[in-house]
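> what follows is a protein structure lacking sequence information:
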């Protein structure tokens, strides 16, 4: 730790937890912590104390690459009128349905 | 008729005594930690302290509940709320005022390290299914308490000049209360005979090694193990700090003995 007292705020970390084996990690929220080990412990105490998950990922918040509000148009709007990109758009042949 | 009537009286008494000693350490320590609620140095640490406090009070609660069953008391609340300071069997270290954050972490580390070795040995020894089951459950939480407090000792000791000084002062101040953890009396020996307790001096060196390693890495000096040590709390001779703690903890229940959560 440094003696720098000008910035007393601890760095921010993003917390992800895995609810069950094999499930994808989900974003839980964020915590302040002086370093990685304490971030892990703070995440455990803040987000995993009610049996929420079985594993945690901690990422320094400034290492997350995020899209900006300006990206909304070019990134996401074009998908609005392309329902055929969803598998549900296609009707399932009767023979396949029967096999279920 | 209770199912415990089949347990010989001497064994039952030995077991009750051990359950209360373990329970009292944890209830009083847990209460001291609970005094941090809303006063933690950071939001996250406030939650962590409250979690540890709840864990410890939970441990006490299950130990007391078993003692109450054996002892024919109505429930665990009897032990927490209706005994006076002279009846409490906790060591003095856990009743000392909460102090600053460095003091709180230094005490937590010393006590959790002790609990870690104690429970590790107890789980291999205790010949009572219900008691042993509790110990195994608590042990997981104790490992976390040890990890959390030990990491803080590193950071506070090897932190700023201010945090180093406060942490060194904390260890120096607590030191004379550490000897009691390893005191043994007739009640301990009786419980050992029934395979319900262990010789606490058998793991004193392991505890010392962990304390020495941790303080060294935290750039702190280890106080003298052979200095004067406070003793007598397990027999009810407490410091002046336990009375006011009990007054605060017990007054509501004693004023309204039949009150219920609605």
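Sure thing, it's come through. Since this is a predicted model, take the numbers as computed values, not measurements. Numbering: from 1, shown residues only, chains lettered A, B, ... in the order given.

> per-residue pLDDT, residue B:218?
Confidence at residue B:218, expressed as pLDDT, is 98.

> where do the helices sit along the stretch 1-150 of chain B?
Assigned by DSSP state H, counting those that start in this stretch, the stretch 1-150 of chain B shows helices spanning B:9-34, B:43-71, B:77-81, B:101-125, B:129-157.

> give me the mean pLDDT for the first one.
Per-region confidence: helix B:9-34 scores 97 on mean pLDDT.

> against residue A:22, how distant is the nearest residue to residue A:18 once chain neighbours are set aside?
Leaving aside its chain neighbours, residue A:18 sits nearest to residue A:55 (4.1 Å; criterion: Cβ to Cβ, 6 or more residues apart in numbering or on different chains). Yep, even glycine has a C-beta here, placed from its N, CA and C like the rest. Computed as Cβ to Cβ, to the nearest Å, the residue A:55 to residue A:22 distance reads 11 Å.

> so which of the two has more stuff around it?
Under the criterion of other Cβ atoms under 10 Å in any protein chain shown, the comparison of residue A:55 against residue A:22 puts residue A:55 first, with 13 against 6.

> number of nearby residues for residue B:84?
11.

> please report how far it lies from residue A:92.
75 Å.

> element containing the residue nearest in space to the middle of chain A, please.
Nearest to the mean C-alpha position of chain A, counting by Cα atoms, centre = their mean, stands residue A:27 at 3.4 Å. According to DSSP states H and E, residue A:27 maps onto strand A:26-32.

> partner strands of that strand, parallel or antiparallel?
strand A:12-18 (antiparallel) (DSSP bridges).

> and the angle for the partner strand with helix B:43-71?
50 degrees (axes from the mean of the first three to the mean of the last three Cα atoms, to 10 degrees).

> tell me the mean pLDDT for the helix or strand encompassing residue B:162?
Assigned by DSSP H and E, residue B:162 belongs to helix B:161-174. Taken as a whole, helix B:161-174 has a mean pLDDT of 98.

> buried ones in it?
B:163-164, B:166-168, B:170-171, B:174 (16 or more other Cβ atoms under 10 Å in any protein chain shown).

> so what does it touch, helix or strand wise?
With contacts taken as 3 or more Cβ pairs under 8 Å, 6 or more residues apart in numbering or on different chains; DSSP states H and E, helix B:161-174 sits against helix B:101-125, helix B:129-157.

> next, the buried residues of the last one.
The one in question is helix B:129-157. B:131-132, B:134-135, B:138-139, B:141-142, B:144-157.

> of those, which ones also sit close to chain A?
Among those, the ones lying near chain A by Cβ under 8 Å from any Cβ of the partner chain are B:144, B:147-148, B:151, B:155.

> now the residues you listed in JSON lines, please, with extra columns for pLDDT.
As requested, those are arranged in JSON lines below (pLDDT from 0 to 100):
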{"residue": "B:144", "pLDDT": "96"}
{"residue": "B:147", "pLDDT": "96"}
{"residue": "B:148", "pLDDT": "96"}
{"residue": "B:151", "pLDDT": "97"}
{"residue": "B:155", "pLDDT": "97"}
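
> from these, which is closest to residue B:205?
residue B:147 (21.3 Å; Cβ to Cβ).

> my guess is that closest one contacts residue A:41, does it?
Yes. In this structure residue B:147 lies within contact range of residue A:41 using Cβ atoms under 8 Å: 7.4 Å.

> tabulate the helices of the stretch 1-150 of chain B (a markdown table), appending distance to residue B:193.
Shown next, in a markdown table, are the helices of the stretch 1-150 of chain B (distance: least, Cβ to Cβ, whole Å):
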| stretch | distance to residue B:193 |
| --- | --- |
| helix B:9-34 | 8 |
| helix B:43-71 | 17 |
| helix B:77-81 | 24 |
| helix B:101-125 | 12 |
| helix B:129-157 | 15 |
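
> what's the neighbour count on the nearest residue to residue B:91 once chain neighbours are set aside?
Leaving aside its chain neighbours, residue B:91 sits nearest to residue B:180 (4.2 Å; criterion: Cβ to Cβ, 6+ apart). For residue B:180, the count of nearby residues is 19 (other Cβ under 10 Å).

> closest to residue A:98 out of the helices and strands packed on helix B:161-174?
Among the helices and strands packed on helix B:161-174, helix B:129-157 sits nearest to residue A:98 (Cβ to Cβ), with 50.3 Å.

> please name every helix or strand in contact with that closest one.
Helix B:129-157 packs on helix A:36-47, helix B:43-71, helix B:101-125, helix B:161-174, helix B:204-217, going by 3+ Cβ pairs under 8 Å, 6+ apart.

> now these in TSV, with distance to residue A:14?
Shown next, in TSV, are those (distance: least, Cβ to Cβ, whole Å):
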stretch	distance to residue A:14
helix A:36-47	9
helix B:43-71	14
helix B:101-125	26
helix B:161-174	27
helix B:204-217	29
